[in-house]
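**Q** sequence unavailable; structure follows:
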C-alpha cells in the first residue's frame, strides 16, 4: 500500500458512499442542489482530516476500552468548529444545510475511518486517508447533486442548463425525497454492473 | 380536550407528515442495514423508540437547565452526543441486570443506536422547534414510532423480495433504495397535511 493509494482508494475503489454505504443521511438529504452538495462534502472532509490527524496523534494515549467516546469528543469538537465558522462566513449555506451540520458527528464515515484507519496507522497516512475519503464522499454528493438539480430544477449551480420548456415543468420528484432514494438505488446498481463486467474481464 | 387534540396533531405530524426516515432523511443507516429480517427490524425499532424518548427528555433538561442557564449554547453538539452515548451505555447496563430476556432481544442493537442520527436529530430538533418538556418527550416518542413503522414495513417488503426475480446488479442494496423511493412516494401523499 503506497501513500498514493492511501489517498486515492476513497475515490472509487472504497468510495464511502457507493461501495460501503456509509453516511447516507446527509448524502440523500442535502443533494437537492450542487452547491449544498459541495458545501456538505467539504465540511465533512475538513472534519475527517482533522479527526484522523488528531486520533492518529493521540492513539497511544487512549485506553482501548473508552476509545469510542474519545473519538466522538474529538469529532464533535471539529464539527463545532465547522458549524460556527460556517455560520459566520457562509450564513446562507449554513441555513440550507441546517440540522445536517451538527449531524456530521454521527456520520459513520468519520467514526469508521477513525476506528478502522487512524487508530492503526501513522500520521501522514491517516491524513491522506481522511483527505481521500473526504473527497470520495464529496464526489458522491456532487454526482447525486448534479443529477437531482439537473432533473428537478433544470439548472446546475444556479445556471440555466436545460431549455426553458423543461425548466417551467421540471421533474419535481427528483429534488423531493423519493427522487433521492431512487437516484441512489440506480447509481448503486450501475456501479455494481460495472464492477461485475470488469471482474468478468479479468 | 384541546390537549388531546394537540397530542394527536403532534403524533400525525411526527409519524406520517414529517416521517424521520422518508421525509427528513434521518436514521437511514439502520433503515437500510437492519431491515433484512422482520424480527431484527422489530427489535431495532423498539430499542430506538425507547432511546429516542429518553434522549429527548434528558437533552431538553440539559439544554434548559445547564446550557441555557450558563450561556453554553455552543457546546450543544458535544453535550448532546455525549449524553446520548452515556445514556445508551446506561440503558444497556440497566436492561442487562433487570430484564435479561429483553436484553437478549434488544442488546445487539443498543450500541448501534449511539451513531443513529435520528436520536441526535430529534434532540436538536426539539430545541430548535421550541417544544416544552412534554412536547419534546412526546415528539421523541412519536418520531421513534414513525421510524419503527417504516423500518418494519421495509423489512416485510425485503423478506418478500428475497423470492423475487431482481436483476443481478440490482440485488441487495440498490433494490432496497428503489423500494424506499416508492415508500417515500407514498408518504409524499401526507405532505400537504397541516394540523
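**A** Yes, it's here. Note that this is a predicted model, so its numbers are computed, not measured. Numbers count the residues shown, from 1 in each chain, chains lettered A, B, ... in the order given.
**Q** find the closest residue to chain B in chain A.
**A** residue A:185 (3.0 Å; C-beta to the nearest C-beta). (Each C-beta comes from the backbone N, C-alpha and C, glycine too.)
**Q** dump the residue contacts of that residue.
**A** The contact partners of residue A:185, taken as C-beta atoms under 8 Å, 6 or more residues apart in numbering or on different chains, are B:170, B:173-178, B:180-181.
**Q** how about a cut-off of 10 Å?
**A** Contact analysis of residue A:185 by C-beta atoms under 10 Å, 6 or more residues apart in numbering or on different chains lists B:170, B:173-181.
**Q** for it, which non-adjacent residue is spatially closest?
**A** residue B:177 (3.0 Å; C-beta to C-beta, 6 or more residues apart in numbering or on different chains).
**Q** separation between that neighbour and residue A:187?
**A** 9 Å (C-beta to C-beta, to the nearest Å).
**Q** okay, now the unreliable bits of chain A?
**A** Across chain A, the ranges flagged by pLDDT under 70 are A:1, A:199-202.
**Q** grab the most central residue of it for me.
**A** The residue lying closest to the centre of chain A (C-alpha atoms, centre = their mean) is residue A:137, at 3.1 Å.
**Q** report the contact partners of residue A:77.
**A** A:47, A:50-51, A:54, A:105, B:75, B:77-78.
**Q** all the helices of chain B, residue numbers only.
**A** Applying DSSP state H to chain B gives helices spanning B:2-12, B:28-33, B:38-62, B:76-98, B:100-106, B:110-113, B:117-128, B:133-161, B:173-188.
**Q** quick one, strands of chain A?
**A** Counting by DSSP state E, chain A has strands at residues A:155-156, A:159-160.
**Q** do I have it right that residue B:157 meets residue B:35?
**A** Yes - at 8.5 Å, residue B:157 and residue B:35 qualify as touching, with contact defined as C-beta atoms under 10 Å.
**Q** what do the two both touch?
**A** Shared contacts of residue B:157 and residue B:35 (C-beta under 10 Å, 6+ apart): B:176, B:179-180.
**Q** near chain A, list only the ones from those residues.
**A** Filtering these for proximity to chain A by C-beta under 10 Å from any C-beta of the partner chain leaves B:176, B:179-180.
**Q** re the thing from before, let's have the strands of chain A in TSV, adding distance to residue B:105.
**A** Listed next are those as TSV, based on distance: least, C-beta to C-beta, whole Å:
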stretch	distance to residue B:105
strand A:155-156	49
strand A:159-160	53
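**Q** which one of those is the most hemmed in?
**A** Most buried of the strands of chain A by mean neighbour count (mean count of other C-beta atoms under 10 Å in any protein chain shown) is strand A:155-156; its value is a mean of 16.
**Q** now do that strand: distance to the chain's middle.
**A** 21 Å (C-alpha atoms, centre = their mean, to the nearest Å).
**Q** that one - contacts with which helices or strands?
**A** Counting contacts by 3 or more C-beta pairs under 10 Å, 6 or more residues apart in numbering or on different chains; DSSP states H and E, strand A:155-156 packs against helix A:34-58, helix A:123-152.
**Q** buried stuff in the shortest one?
**A** Residues of helix A:34-58 classed as buried: A:34-56 (neighbour count, 16 or more other C-beta atoms under 10 Å in any protein chain shown).
**Q** for it, packing partners?
**A** Packing partners of helix A:34-58 (3+ C-beta pairs under 10 Å, 6+ apart): helix A:24-29, helix A:67-89, helix A:91-97, helix A:108-113, helix A:123-152, strand A:155-156.
**Q** what's near enough to touch residue 29?
**A** I'll assume chain A. Counting by C-beta under 10 Å, 6+ apart, residue A:29 makes contact with A:36, A:40, A:97-100, A:103, A:177, A:180, B:23-26, B:28, B:117.
**Q** the intended chain is chain B.
**A** Counting by C-beta under 10 Å, 6+ apart, residue B:29 touches A:21-25, A:106-108, B:112, B:115-118.
**Q** what is the burial count for residue A:83?
**A** The local packing of residue A:83 (other C-beta atoms under 10 Å in any protein chain shown) involves 21 other residues.
**Q** isn't it up against residue B:124?
**A** No - in this structure residue A:83 lies outside contact range of residue B:124 using C-beta under 10 Å: 11.1 Å.
**Q** many thanks, have a good one.
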